[in-house]
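sequence plus predicted model, see below.
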Amino acid sequence: MITHVWAITLTVSDLEQAVRFYEDTLGLTKKYQFRDYAGFDCGGVEIGLKTWGGMERPRQGEPSVDLAVDNLDDTYERLAAKGVKFTKEPEDVQWGARIALFDDPDGNSLQLTEINWKRYFAVTAPR
């Protein structure tokens, strides 16, 4: 039986560049790094970066890693100041969140998500 998400693993072309982005720019804690893999803690879920696998284009936004934040606009401003180029500016979405999207250096899609829990439950509760 599936209990929870253990890890999300993304293929990258340059492990050192990707490690700098996830560690220095995004501020995630690196758990470990090997020759061809690095793992970062993201609230108990590992984001893994690996150098084997295809880098075919277009990826068309898949996979996407959603990163929960307390204040989307503050996080957006902080990351933009560090040079992150957003593919979708902050916007409210119908399921009760505010989101913004950007890519890592290899085109993996990352989404910042601030959830308005009251609105989320009002919109998604079974009727």
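Perfect, thanks for sending it. Residues are numbered from 1 along each chain as shown.

contacts, neighbours, all on C-alpha from now
Will do.

which single helix of the chain contains the most residues?
Ordering each helix of the chain by length in residues (DSSP state H) puts helix 72-81 first.

can you confirm residue 8 is in a helix?
No: going by DSSP: H, G, I helix; E, B strand; the rest coil, the assignment for residue 8 is strand, not a helix.

contacting residues around it?
Counting by CA atoms under 8 Å, 6 or more residues apart in numbering, residue 8 makes contact with 45-48, 65.

drop anything exposed from those.
By neighbour count, with 16 or more other CA atoms under 10 Å, the contacts of residue 8 hold 46-48, 65 as buried.

distance from the chain centre to the longest helix of the chain, please.
The chain centroid and the centroid of helix 72-81 are separated by 14 Å, computed with CA atoms, centre = their mean, to the nearest Å.

list the buried residues of it.
Across helix 72-81, burial judged by 16+ other CA under 10 Å covers 72-73, 75-76, 79.

how about a markdown table for those, with pLDDT added?
As requested, these are exported to a markdown table (pLDDT from 0 to 100):
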| residue | pLDDT |
| --- | --- |
| 72 | 95 |
| 73 | 97 |
| 75 | 96 |
| 76 | 97 |
| 79 | 96 |
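
tell me the one of the residues you listed nearest residue 124?
Closest approach to residue 124 among these (CA to CA): residue 72, at 20.9 Å.

next one: the closest one from residue 44, what distance?
Between residue 72 and residue 44 the distance is 20 Å, computed by CA to CA, to the nearest Å.

over to residue 38?
In terms of CA to CA, residue 38 sits 15 Å off from residue 44.

cool, and residue 117?
Residue 117 is 20 Å from residue 44, by CA to CA.

SS state for the closest residue to residue 69 other than its chain neighbours?
Leaving aside its chain neighbours, residue 69 sits nearest to residue 114 (5.2 Å; criterion: CA to CA, 6 or more residues apart in numbering). Using three-state DSSP, the structure places residue 114 in strand.
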